[in-house]
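1. Mind looking at a prediction? Sequence and model below.
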Amino acid sequence: MSERIIVSIEAPEWRKVLPDAEDVARRAAHAALREGWPDTGPGGTELGIVLADDETLRHLNRDYRGHDRPTNILAFEQSPPAASDAGACHLLGDVFVSLGAAAREAPEQNKRLADHLTHLVVHGVLHLCGDGHAAPEEAAGMEARERFILARLGVADPYEAMDAAPAG
């Protein structure tokens, strides 16, 4: 499968707190694509990962979802390619991750920041691939895929870590 993953670090603080954030995000996206997206033919697949801050995610969350608060991740799908675009690159979409939210959540969930970023990117890419979690059975399926992908990357089960986190 031909894939192009563009990682953009919009919040320079990412480089300070996690110097290899770009590599972590790219590796997670590649792993999620391998499991979640079929080969799109000669044109391949392209997606973007944007490592941003709380303010950026707050604005996007407000403008596109109607929630005026930051969130940890947002995924924006592109529309599927037309049948006449058989040889063209499929632009899958973009995943935005907030450093503020990720940095707050990681210790709350007993995770290293790199592992939490990996989980968030996998989660977002699976959304771009069509997975969701609106219904309980959908959520269970998506969580199982996340666990499988993360295990292949050497990342502990994120849902087990959250269950073990102290109440607070």
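-> Done, it's in.
2. State whether residue 92 is indeed within a strand.
-> Yes: Residue 92 forms part of a strand when assessed by DSSP: H, G, I helix; E, B strand; the rest coil.
3. which regions of the protein sit below the pLDDT cut-off?
-> Within the chain, the stretches falling below the threshold (pLDDT under 70) are 1, 38-43, 79-89, 161-168.
4. secondary structure element for the spatially most central residue of the chain?
-> Nearest to the geometric centre of the chain sits residue 121, at 2.2 Å (C-alpha atoms, centre = their mean). Assignment of secondary structure by DSSP states H and E places residue 121 within helix 113-128.
5. Residues in contact with the helix or strand that that helix is followed by: which ones?
-> Remark: after helix 113-128, the chain's next helix or strand is helix 136-152, criterion DSSP H and E. Counting by C-beta atoms under 8 Å, 6 or more residues apart in numbering, the neighbours of helix 136-152 from elsewhere in the structure are 31-32, 35-36, 118-119, 122-123, 126, 131-133, 156-159. From N, CA and C alone the C-beta is placed, and that goes for glycine too.
6. Could you identify the most distant pair in those?
-> Spatially, the most separated pair among these is 132 and 156, at 23.8 Å (C-beta to C-beta).
7. Between those two, which has more neighbouring residues?
-> A side-by-side neighbour count of residue 132 and residue 156, using other C-beta atoms under 10 Å, places residue 156 first with 15 against 11.
8. Is the more buried one in contact with residue 115, as I believe?
-> Yes: taking contacts as C-beta atoms under 8 Å, residue 156 lies within contact range of residue 115: 6.9 Å.
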